[in-house]
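> Following is a predicted model, sequence given first.
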Amino acid sequence: MNAFSSRRGVLCLAAAAASASTTALLPHAVFAAGFPDRPLKFIVPFNPGGNVDSVGRLLAAALGPLLRQPVVVDNRSGAGGSLVANLVVQSPPDGYTLMVGSNGPLTINPFVLAKLQYKPLEDLAPVALVGTVPHVLIANNSLAAKSLQELIALSKKESLGCASSGVGSATHLTLARFSAQTGARMKHVPYRGGNSLVPDLLGGAVQLASMELSTALPLHVGGKARILGVAASRRSPLAPDVPTFIEGGVAGFTAQSYVGLLAPVRTPPSILAQLESASMAAIGSPEMAARLKSIGMQVAEPADRTAAGFAKLLKTDYAATREAVRIANIQPE
């Protein structure tokens, strides 16, 4: 996922306050059976400062007091998150080593990396879904199109460049799906990350970008660029003036990035249940929800944030990604 602005200390302090207020909501079973009796580790598959890191640190700070053990965050980047996924898969299945996961290592890499050493849907057990960020199409202010339907029509008359955070990224695949469903003809322009494309979008080197709402929102609110549509089932409360793709005439179209917590698949069910219960309490607190919203994350609905809800999302996104990769004609490397 693309980078958010991160104030690590503020986020952690806020999350700690949130966790303190939700301790009373945590079932006694979380403290049963001697687990945990030592610090836990969250391994984040990207460098510090991005949205996955920010969300992981918020959750870690909130879970520590609830589980009565420190939760240490360990950043290890490489291979689009696959190095961390493989590391967690091979870790002892005892609940002490967990992965903060997102689209790349969980539902994209299986289709774009030729020599993946793990199977995400088989080797990792979902613990809880923290939240999602819908994707958007955002345009340079000089673009004549003011809606998705105008964009589709314009793309068939003029050569339009649309940026994304890279070949095979979640936002690239969203663009591929959009083009296939609508017949829009846009040239994909890949960048190294969502923030890196912003200067060219504002300067007009590319007319459009497919990106996460959290990255696009400050540009839209500040009048520097215009979001044409948000790929969600309903309008975002962060941008209530922006119609959904569905409202814009693209039937049933949704696309998002997500962040959740996972464990090695052979972790005992009792420990997985304890971790799920603690995560649910942390994510569901008003303070935690406010902090997640402030960094552009839409908190998962109660049924979706459960282990079963997260597993359902992964299965659905896995199938959608397979089709998007086929449409984009991306060959595994």
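In hand now; what should we look at?

> At which residues are the strands of the protein located?
When assigned using DSSP state E, the strands of the chain occupy the ranges 40-44, 71-75, 97-102, 124-140, 160-164, 186-190, 208-212, 225-230, 256-264, 298-299.

> Of those strands, give the one that comes closest to Val55.
Evaluated over the strands of the chain, closeness to Val55 peaks at strand 256-264, with 4.5 Å, by CB to CB. Every C-beta, even on glycine, is put in place using the N, C-alpha and C of the backbone.

> what packs against that closest one?
helix 51-67, helix 82-89, strand 97-102, strand 124-140, helix 269-283, helix 307-328 (3 or more CB pairs under 8 Å, 6 or more residues apart in numbering; DSSP states H and E).

> Show me the shaky parts of the chain.
Counting by pLDDT under 70, the chain shows low-confidence ranges at 1-33.

> circling back: reformat the strands of the chain as JSON lines; add mean neighbour count.
Shown next, in JSON lines, are the strands of the chain (neighbours: other CB atoms under 10 Å):
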{"stretch": "strand 40-44", "mean neighbour count": "21"}
{"stretch": "strand 71-75", "mean neighbour count": "17"}
{"stretch": "strand 97-102", "mean neighbour count": "26"}
{"stretch": "strand 124-140", "mean neighbour count": "26"}
{"stretch": "strand 160-164", "mean neighbour count": "24"}
{"stretch": "strand 186-190", "mean neighbour count": "17"}
{"stretch": "strand 208-212", "mean neighbour count": "29"}
{"stretch": "strand 225-230", "mean neighbour count": "23"}
{"stretch": "strand 256-264", "mean neighbour count": "26"}
{"stretch": "strand 298-299", "mean neighbour count": "20"}
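
> Please name whichever of those is nearest to Ala282.
strand 124-140 (8.6 Å).

> Paired strands for that closest one, with orientation please.
With DSSP bridges as the test, strand 124-140 is paired with strand 208-212 (antiparallel), strand 225-230 (antiparallel), strand 256-264 (antiparallel), strand 298-299 (antiparallel).

> Relative to Arg177, which of the helices and strands packed on strand 256-264 is closest?
Arg177 sits nearest to helix 307-328 of all these, at 5.0 Å, using CB to CB.

> Can you mark which positions in that closest one are buried?
Buried residues in helix 307-328, defined by neighbour count with 16 or more other CB atoms under 10 Å: 307, 309-311, 313-314, 317-318, 320-321, 324-325, 327-328.

> Just the endpoints, please. Distance across stretch 103-111?
End-to-end distance for stretch 103-111: 12 Å, by CA to CA, to the nearest Å.

> One more: stretch 43-50?
In stretch 43-50, first residue to last residue: 14 Å (CA to CA).

> which residues touch it?
1-4, 6, 8, 52-53, 56, 73-78, 80-85, 87-88, 97-102, 104-105 (CB atoms under 8 Å, 6 or more residues apart in numbering).

> Quick check: PyMOL command selecting the buried ones in those.
Restricted to buried positions by 16+ other CB under 10 Å, the PyMOL selection for the contacts of stretch 43-50 reads:
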select buried, resi 1+2+3+4+6+52+53+56+73+75+80+81+82+83+84+85+87+88+97+98+99+100+101+102+104+105
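
> could I get the strands of the chain as a markdown table with distance to Ala282?
As requested, those are arranged in a markdown table below (distance: least, CB to CB, whole Å):
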| stretch | distance to Ala282 |
| --- | --- |
| strand 40-44 | 12 |
| strand 71-75 | 10 |
| strand 97-102 | 13 |
| strand 124-140 | 9 |
| strand 160-164 | 32 |
| strand 186-190 | 36 |
| strand 208-212 | 23 |
| strand 225-230 | 27 |
| strand 256-264 | 10 |
| strand 298-299 | 11 |
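
> closest one to Val250 among those strands?
With CB to CB as the measure, strand 225-230 is the member of the strands of the chain nearest Val250 (7.5 Å).

> Tell me how far that closest one lies from the chain's centre.
How far strand 225-230 lies from its chain's middle: 19 Å, per CA atoms, centre = their mean, to the nearest Å.

> Switch the helices and strands packed on strand 256-264 over to TSV; also include distance to Leu197.
What follows is those, written out as TSV (distance: least, CB to CB, whole Å):
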stretch	distance to Leu197
helix 51-67	16
helix 82-89	23
strand 97-102	19
strand 124-140	10
helix 269-283	31
helix 307-328	18
